[in-house]
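Enquirer: Could you look at this predicted model? Sequence included:
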Amino acid sequence: KHYTSASYSNSEGVFHGIDYKKYQLRSNIDHEISDKLRMGVKLNAFHSESNDVAMQAMYYVNPLFAGMFLKPWTPIYNEDGTYNMSVPEWGNTNPRATQEHDDQYELQNRLQGSAYVEWEPLAGLKFKTNNAIEYTDGEGRRYWSAEADSQGDATLQVSNSKYSQITSSNTASYTKYFNDHNLNVLGGFEVIDNSFNSYYIYSPDVDPNIPFPNTSTSDSDEGDYDENRYTMASFFGILDYNYASKYYFRASIRTDGSSRFGANYRWGTFYSFGASWNLHNEAFMENTNWIDAMKVRLSYGINGNDRIGNYEHWGIYGPVSYNATTGMSPSQPANPDLTWETNTSYNVGLDFGFVQRVSGTLEFYSRTTTDMLLNIPLSRTSGFTSLRQNIGELQNTGVEALINVTIVDGPVFWSVGLNVAANRSEILS
């Protein structure tokens, strides 16, 4: 199977200097090399170029705003053909000159791609590797030209950002069907590398003949730079089993290592178990035609949370200014014992359906969160205000009920639904 498409579009705005160009390429390929070996590629590439003018709020250069208040007899051009910059009723601003000489554009490149190879040496046994990349970079430029400035000053603002995430997932699975038994086992490992960086430069006095940051005086420049990186490695296993579509069992275990945690406790192991029973498929329910579905569910599991900043376990230095002198000083203390926040939950539920018109769910749950990732205040005499730590325990318990009733089923459909829930939260420590 092969599919490839390419597109191009060019749109012009209703105002001078506004346009948008887009280039896009898509390709999907699935190829069966042999009866045991398959591979595939998916690609989505995108490039855009947009030019704009200052339309934000009530800028003098906003053509809509200026068109309502500029005097109709104010000339756009001088007698020598240059733009008229003497517009006292409008802050000596000529929106037409701005559109002609100022730059305001953005360039974007995006790439999403994945490739897989799957090998089935024996019936039911599969090895698969899937590798993906997501990449985005953007460049922005805002230039206030000397030609469109009544004082003849030239100012430049540029920015750039890059984002990428690379994922590699590799699994082995085995599926077996025999009599009324269905078994599926999967094991594998996965790695994720996520990175982002950006910079911003503001240059208030660039050379109009060479309008780039390096032609501005360094004392006047302002800049900002940001860089982040995050990685995770995981090993996991999943077991699925069902018998005669009556009894279902699922178990999973995984070990995750996150770069967001200290070296002492970077890895965490999490697991879950779940079982369900389809009563309506039992022989003793054969004569109860008014019951469409009746399932009892039970699950228990532990999972982890690493949703914090990328460098909160490190001791960090930051810029400071004191008595007109700049330097670096500690801004965050290290915490090498920072580790996973864990959530332990269990759930008991009942799904039901009657006479093809009534269906619903009744569910009870309990969830306990331990080693919560919280910012704990510190005494200011330490030189810091807070530190991210694992502390506290929180429990949520509750019940939920959902019922749907079909009143009319035909050319006209009418149904009514009701949902009721109650939750109790308690801080245990």
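Expert: Okay, I see it.
Enquirer: SS state for Asn194?
Expert: strand (DSSP: H, G, I helix; E, B strand; the rest coil).
Enquirer: burial count for it?
Expert: Neighbourhood size, Asn194 [other C-beta atoms under 10 Å]: 17. For the C-beta atoms, the positions are set from N, CA and C on the backbone; glycine is no exception.
Enquirer: these two touch, right, it and Tyr230?
Expert: Yes - contact criterion C-beta atoms under 8 Å: Asn194 and Tyr230 qualify, at 4.5 Å.
Enquirer: Please state the offset of the helix or strand of the chain with the lowest mean pLDDT from the chain centre?
Expert: None of the helices or strands of the chain scores lower by mean pLDDT, DSSP states H and E than helix 63-69, at a mean of 78. Put simply, helix 63-69 sits 39 Å off its chain's centre (C-alpha atoms, centre = their mean, to the nearest Å).
Enquirer: Could you identify the helix or strand that succeeds it?
Expert: Note on helix 63-69: by DSSP states H and E, the next helix or strand toward the C-terminus is helix 95-101.
Enquirer: could you dump the following helix or strand past that next one to CSV, C-alpha only?
Expert: Downstream of helix 95-101, the first helix or strand assigned by DSSP H and E is strand 103-122. Extracted in CSV, the C-alpha atoms of strand 103-122 (Å, rounded to 0.1, in the frame of the first residue of the first chain):
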residue,chain,number,x,y,z
ASP,A,103,9.2,43.2,8.5
GLN,A,104,6.9,41.0,10.5
TYR,A,105,7.1,37.4,9.4
GLU,A,106,7.2,33.8,10.8
LEU,A,107,8.7,30.7,9.3
GLN,A,108,7.7,27.2,10.5
ASN,A,109,8.9,23.7,9.7
ARG,A,110,7.2,20.6,11.1
LEU,A,111,8.0,17.0,10.6
GLN,A,112,6.1,14.0,11.9
GLY,A,113,7.4,10.6,10.9
SER,A,114,7.4,7.0,12.0
ALA,A,115,8.7,3.7,10.7
TYR,A,116,8.1,0.2,11.8
VAL,A,117,9.3,-3.3,11.0
GLU,A,118,7.3,-6.4,12.1
TRP,A,119,8.5,-10.0,11.9
GLU,A,120,6.4,-13.0,12.6
PRO,A,121,8.7,-16.1,12.6
LEU,A,122,6.0,-18.4,14.0
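Enquirer: Give me the residue ranges of the protein where confidence is low.
Expert: Counting by pLDDT under 70, the chain contains low-confidence ranges at 54-58.
Enquirer: any chance you could read off phi and psi for the residue lying farthest from the centre of it?
Expert: Distance from the C-alpha centroid of the chain peaks at Glu79, with 55.1 Å (C-alpha atoms, centre = their mean). Glu79 adopts backbone torsions of phi -60, psi -30, taken as degrees, to the nearest 10.
Enquirer: which residues sit in contact with it?
Expert: With contacts taken as C-beta atoms under 8 Å, 6 or more residues apart in numbering, Glu79 has no neighbouring residues.
Enquirer: What is the burial count for Phe261?
Expert: Using other C-beta under 10 Å: Phe261 sits among 25 other residues.
Enquirer: That one is in contact with Glu341, isn't it?
Expert: No - look at Phe261 against Glu341 with C-beta under 8 Å: they stay out of range, at 10.2 Å.
Enquirer: Between the two, which contacts overlap?
Expert: Asp306.
Enquirer: Next secondary structure after the helix or strand hosting Gln24?
Expert: Counting by DSSP H and E, the element that carries Gln24 is strand 19-32. Note on strand 19-32: by DSSP H and E, the next helix or strand toward the C-terminus is strand 37-51.
Enquirer: Give the other helices and strands that that following strand contacts.
Expert: strand 19-32, strand 103-122 (3 or more C-beta pairs under 8 Å, 6 or more residues apart in numbering; DSSP states H and E).
Enquirer: Include distance to Ala97 and mean neighbour count when you put those strands into a markdown table, please.
Expert: Shown next, in a markdown table, are the helices and strands packed on strand 37-51 (distance: least, C-beta to C-beta, whole Å; neighbours: other C-beta atoms under 10 Å):
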| stretch | distance to Ala97 | mean neighbour count |
| --- | --- | --- |
| strand 19-32 | 19 | 14 |
| strand 103-122 | 13 | 15 |
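Enquirer: Could you export these to CSV, including columns for distance to Ser366?
Expert: Listed next are those as CSV, based on distance: least, C-beta to C-beta, whole Å:
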stretch, distance to Ser366
strand 19-32, 44
strand 103-122, 38
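Enquirer: closest to Leu362 out of the ones you listed?
Expert: Judged by C-beta to C-beta, the one of these that comes nearest to Leu362 is strand 103-122, at 40.6 Å.
Enquirer: next one: the closest one to chain centre, how far?
Expert: On C-alpha atoms, centre = their mean, the centre of strand 103-122 falls 16 Å from that of its chain.
Enquirer: how about the nearest residue to Tyr265 once chain neighbours are set aside, phi and psi?
Expert: Nearest non-adjacent residue to Tyr265, counting by C-beta to C-beta, 6 or more residues apart in numbering: Thr339, 3.4 Å away. Taking degrees, to the nearest 10, you get phi -150, psi -170 for the backbone angles of Thr339.
Enquirer: I figured Leu387 hits Pro330, correct?
Expert: No - under the criterion of C-beta under 8 Å, Leu387 is not in contact with Pro330, lying 11.9 Å apart.
Enquirer: Show me which of the two is the more surrounded one.
Expert: More neighbours surround Leu387 than the other of Leu387 and Pro330, with 17 against 13 (other C-beta under 10 Å).
Enquirer: Just to be sure, that one is in a strand?
Expert: Yes - Leu387: assigned to a strand according to three-state DSSP.
Enquirer: mind starting the numbering at 15 from now?
Expert: Will do, 15 is the new start, and the previous item becomes Leu401.
Enquirer: any idea how far it is from Met246?
Expert: Relative to Met246, Leu401 is positioned 23 Å away (C-beta to C-beta, to the nearest Å).
Enquirer: next one: Leu442
Expert: For Leu442, the distance to Met246 - C-beta to C-beta - is 29 Å.
Enquirer: Comparing the two, which residue is more hemmed in?
Expert: Taking other C-beta under 10 Å, Leu442 and Met246 do not tie; Met246 has more neighbours (16 against 10).
Enquirer: Nice, that's everything, thank you.
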